[in-house]
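J.: Here is a sequence together with a model predicted from it:
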Number of protein chains: 2
Amino acid sequence: MKEVKRGRVKKILSYGLDSIVVTSGSNFFYLTGLKIETFERPLLLFMSEDYSFLLAPKLEMERLGDLNVTESLFYDDATDPFKIIESTPTLKNILRKGVKIGVDPNLRFSFFYKLNNIFKDVNFVDASEEIQLARMIKEEEEIKNIEKASNILSKIFETAQESISPGISEAEVRFNLMKKASELGASSYDFIAIQSGENTAIPHHEFSSRKIRRGDLIVIDAVVSYNWYNADLTRVFSLGKPNEEVLSIYSFVRQAQKIGIESSISNVTAKSIDEKVRNYFKEREIDQFFIHRTGHGLGIDAHEKPFISSTSNDVIENGQVFTIEPGLYFPGKFGIRLEVDVVIKEGKPHIIGDFPLDIVII
Amino acid sequence: MKEVKRGRVKKILSYGLDSIVVTSGSNFFYLTGLKIETFERPLLLFMSEDYSFLLAPKLEMERLGDLNVTESLFYDDATDPFKIIESTPTLKNILRKGVKIGVDPNLRFSFFYKLNNIFKDVNFVDASEEIQLARMIKEEEEIKNIEKASNILSKIFETAQESISPGISEAEVRFNLMKKASELGASSYDFIAIQSGENTAIPHHEFSSRKIRRGDLIVIDAVVSYNWYNADLTRVFSLGKPNEEVLSIYSFVRQAQKIGIESSISNVTAKSIDEKVRNYFKEREIDQFFIHRTGHGLGIDAHEKPFISSTSNDVIENGQVFTIEPGLYFPGKFGIRLEVDVVIKEGKPHIIGDFPLDIVII
């Protein structure tokens, strides 16, 4: 039987909510272990400490029919799901006046708008913080999944090393890597960025038809998941020997990353990690080329708490998994980013994944 | 210079809104021609008849810096974007008491919640209907893009025909098709479902490691876009000669589809098209195996207005593009779905795409 993970629900509610409502996506997966996307058809799971109500499209009955909720209703395309909600007395009992309901931050505005019109007296609040605080501390099994995802990434970097040769396009390399990720059992590979030549200077560039040339630097930034838990790594390749400028920038980024990793210990603020990395660049007067945050948490989402940035309020704790990914970008020329995933265990950072951190010369 | 498409804004506002706010995704693309995804960093474009305000992450400055808005603000990761909104006087002038602001239905609840806390007196409403009504009637150029996407689909069905042989997995066929779509210049290929054998009975099955065997039926349902406009087609393949039962079900689906297409003329209700298709199955006492709606509109989203379902309020008009996709599903055995895209011109349906509608015997 498929189970609502009541321990996780309790944890979220413990931060000060009477109940929560989640929708298809990562939070639904966190609380049920079921990965479902229902697009324009609402999927809503209401949960309080001792009651749960599932509203789902009939098309998902096979996957959701045996979820152990108190009550469930499956609607077909001929029925307005919000009419069902309106006429469900037990649900009205949860969504009563004055009750504080945490809403899945990913809920579409249009669904919220309808809910809000039905339950006008309810205090709907953003449950981002409460859900993220619960999800931020990973259980053993969650960490194992991320480790497996990082193993897949190590192997696709090997595939990259074999694939890259003069004349191959960024798009073709990307396909080879996607195929490999799929063969290795990745549940998703939502982002596989192949940046070559001057494209390395654009941190968010994903891929293009640009053909890789001898002398090119190639930055590969890839997110793949195993059992829907993401790892996110970036490595730098060079087709031919890199020049002195590249090597010197690389060594700065590498050193900044080392500082970031070593600063990642229990009880420090995430902000202080970002600050130390940024200061290293500042001392060398190259901090204006580091245009993004130092890192972000990893889990069911590729970007989640803790955020390693100058504005983060997060504090480092055991069980957190996050990236350390400093980078320097010189528009029109080149860029270098190096990204590892760390897990905090017994107060200390441990690197997940074993693909070497040196520049890979092909 | 990149332009906010003011004619489209005007059209949306004409349905009774004072202004609108859209976020990254299909509506932002519809109004600016820019395809941008900013995830946890808010991208908000506020527009009234004669004023526009863009709030965007600094990372997107290169792509958004020259958009012709009245005012724009780019924030870095060290700044809370909602603090910027609070302290922008001109924006406060738009979002003033009593004003009716249509909200992008895709806006995340967490962003809306923050906006709503800043502008407590504003009347935020769901702009789903207004935006969808505008987007539903396609301009010539939009239709051309969908036609090009359907040409890509025709070619990937040819690739499927060449790829399918005993022992190949659904996942491998899918990769061949994705690669082909990419080579042919598709801007996205978000859904390429390869359903074989008993998997054809699950309408939403996407792919698996199942190896295709002689005697299998293979249903391929694919969505690809050109310039981000989607076409969505389904064709049925058979590895070896299909049996009599399959052929007879196929002919029912084909005939139902013909009825659906022929009923798609100006001024009829979308509901009546669904009803005619459903009635055809009812007369043969097989309507319980037709478990979804008859079709949906196509455009920047793969599912948009008009919806061809029994609950739809849409009316067929010139310039609409939508699918007609009846299907019959026999759990544990097999399923057949056949999907065409039609555009309404001069009151009549025209099929987009030329790949044959017969079962493809390999």
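T.: That came in fine, so what should we check first?

J.: Can you list the low-confidence ranges for the stretch 251-362 of chain A?
T.: Nowhere does the stretch 251-362 of chain A drop to pLDDT under 70.

J.: Which positions in it make contact with chain B?
T.: Residues of the stretch 251-362 of chain A lying near chain B by CB under 8 Å from any CB of the partner chain: A:291-293, A:303, A:309-311. The way it works is simple: take the backbone N, C-alpha and C, and place the C-beta from them, glycine included.

J.: one more time with 6 Å, if that's ok
T.: A:293, A:303, A:309-311 (CB under 6 Å from any CB of the partner chain).

J.: Now list the buried members of those.
T.: If you count burial by 16 or more other CB atoms under 10 Å in any protein chain shown, the buried members of those come out as A:293, A:303, A:309-310.

J.: JSON lines for the residues you listed, including secondary structure?
T.: Formatted as JSON lines, these follow (DSSP: H, G, I helix; E, B strand; the rest coil):
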{"residue": "A:Arg293", "secondary structure": "coil"}
{"residue": "A:His303", "secondary structure": "coil"}
{"residue": "A:Ser309", "secondary structure": "coil"}
{"residue": "A:Ser310", "secondary structure": "coil"}
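
J.: Which one of the residues of the stretch 251-362 of chain A next to chain B is nearest to A:Glu3?
T.: A:His303 (27.4 Å; CB to CB).

J.: Tell me the secondary structure at the nearest residue in space to that closest one that is not next to it in sequence.
T.: Using CB to CB, 6 or more residues apart in numbering or on different chains and skipping residues adjacent in sequence, the residue nearest A:His303 is A:His296, 4.7 Å away. Three-state assignment for A:His296 (three-state DSSP): strand.

J.: tell me the contacts of A:His296?
T.: Remark: with contacts taken as CB atoms under 6 Å, 6 or more residues apart in numbering or on different chains, A:His296 is in contact with A:303, A:307, A:323.

J.: and it, what are its bridge partners?
T.: A:Phe307 (DSSP bridges).

J.: separation between it and A:Ser312?
T.: According to CB to CB, to the nearest Å, A:His296 stands 9 Å off from A:Ser312.

J.: Check A:Gly240 too.
T.: Taken as CB to CB, the span from A:Gly240 to A:Ser312 is 39 Å.

J.: Show the contacting residues for the most centrally placed residue in chain A.
T.: Centroid check for chain A by CA atoms, centre = their mean gives A:Ala302 as the closest residue, at 1.3 Å. Residues near A:Ala302 by CB under 6 Å, 6+ apart: A:223, A:230, A:232.

J.: Helix or strand next in line after the host helix or strand of A:Glu158, which one?
T.: Using DSSP states H and E, A:Glu158 sits within helix A:140-163. Using DSSP H and E, the helix or strand that follows helix A:140-163 in sequence is helix A:170-183.

J.: Centre of the chain to the next helix or strand along the chain from that following helix, how far?
T.: Using DSSP H and E, the helix or strand that follows helix A:170-183 in sequence is strand A:188-196. Strand A:188-196 sits 14 Å away from the centroid of its parent chain (CA atoms, centre = their mean, to the nearest Å).

J.: Give the pairing partners of strand A:188-196; include direction for each.
T.: Here strand A:188-196 is paired, per DSSP bridges, with strand A:217-226 (antiparallel).

J.: Any idea how far the strand it pairs with is from the middle of the chain?
T.: Taking mean C-alpha positions (CA atoms, centre = their mean), strand A:217-226 and its chain are 13 Å apart.

J.: Give the rounded mean pLDDT of it.
T.: For strand A:217-226, mean pLDDT rounds to 98.

J.: Next, the angle helix A:170-183 makes with that strand.
T.: 30 degrees (axes from the mean of the first three to the mean of the last three CA atoms, to 10 degrees).

J.: when you compare where strand A:217-226 runs with where helix A:140-163 runs, what's the angle?
T.: Using the same axes, to 10 degrees, the inter-axis angle of strand A:217-226 relative to helix A:140-163 is 140 degrees.

J.: A:Glu170 touches A:Ser208, doesn't it?
T.: Yes: A:Glu170 is in contact with A:Ser208 according to CB atoms under 6 Å; the separation is 5.3 Å.

J.: For these two, work out which one has more neighbours and name it.
T.: Between A:Glu170 and A:Ser208, A:Glu170 has the larger neighbour count (other CB atoms under 10 Å in any protein chain shown), namely 23 against 14.

J.: Would you mind naming what in the stretch 101-250 of chain A lies close to chain B?
T.: Contact residues, the stretch 101-250 of chain A versus chain B (CB under 6 Å from any CB): A:103, A:105-110, A:112-113, A:126, A:128, A:171, A:175, A:179, A:182.

J.: can you tell me which of the residues you listed are in helices?
T.: Counting by DSSP state H, these place A:109-110, A:112-113, A:128, A:171, A:175, A:179, A:182 in helices.

J.: Quick one, which of those are buried?
T.: Neighbour-count burial (16+ other CB under 10 Å) applied to those gives A:109-110, A:112-113, A:128, A:171, A:175, A:179, A:182.

J.: Now the two most distant members of these.
T.: Spatially, the most separated pair among these is A:Tyr113 and A:Lys179, at 41.7 Å (CB to CB).

J.: Regarding A:Asn93, what is its secondary structure?
T.: helix.

J.: So which bits of stretch A:70-77 are buried?
T.: A:70, A:72-77.

J.: filter these down to the ones near chain B?
T.: Within the buried residues of stretch A:70-77, those near chain B by CB under 6 Å from any CB are A:Asp77.

J.: tell me which of the buried residues of stretch A:70-77 is nearest to chain B?
T.: The closest of the buried residues of stretch A:70-77 to chain B turns out to be A:Asp77 (CB to the nearest CB; 4.5 Å).

J.: which SS class is that closest one?
T.: Assigned with three-state DSSP, A:Asp77 falls in the coil class.

J.: Would you map out the domains in chain A?
T.: A:6-135, A:137-361 (automatic domain parsing).

J.: Which one, of these, ends up nearest to B:Arg284?
T.: Nearest to B:Arg284 among the domains of chain A is domain A:6-135; the distance by CB to CB comes to 19.7 Å.

J.: start to end distance for the closest one?
T.: 14 Å (CA to CA, to the nearest Å).

J.: and it, how far out from the chain's middle?
T.: 22 Å.

J.: now stretch A:211-229
T.: Centre-to-centre, stretch A:211-229 and its host chain are 17 Å apart (CA atoms, centre = their mean).

J.: what's the model's confidence in stretch A:122-142, averaged?
T.: When pLDDT is averaged along stretch A:122-142, the result is 96.

J.: Could you do stretch A:99-115 as well?
T.: Mean pLDDT, computed over stretch A:99-115, is 96.

J.: right, and the secondary structure at the nearest residue to A:Ile143 once chain neighbours are set aside would be what?
T.: Excluding the flanking residues, the one nearest A:Ile143 by CB to CB, 6+ apart is A:Val343, at 5.7 Å. Three-state call for A:Val343 (three-state DSSP): strand.
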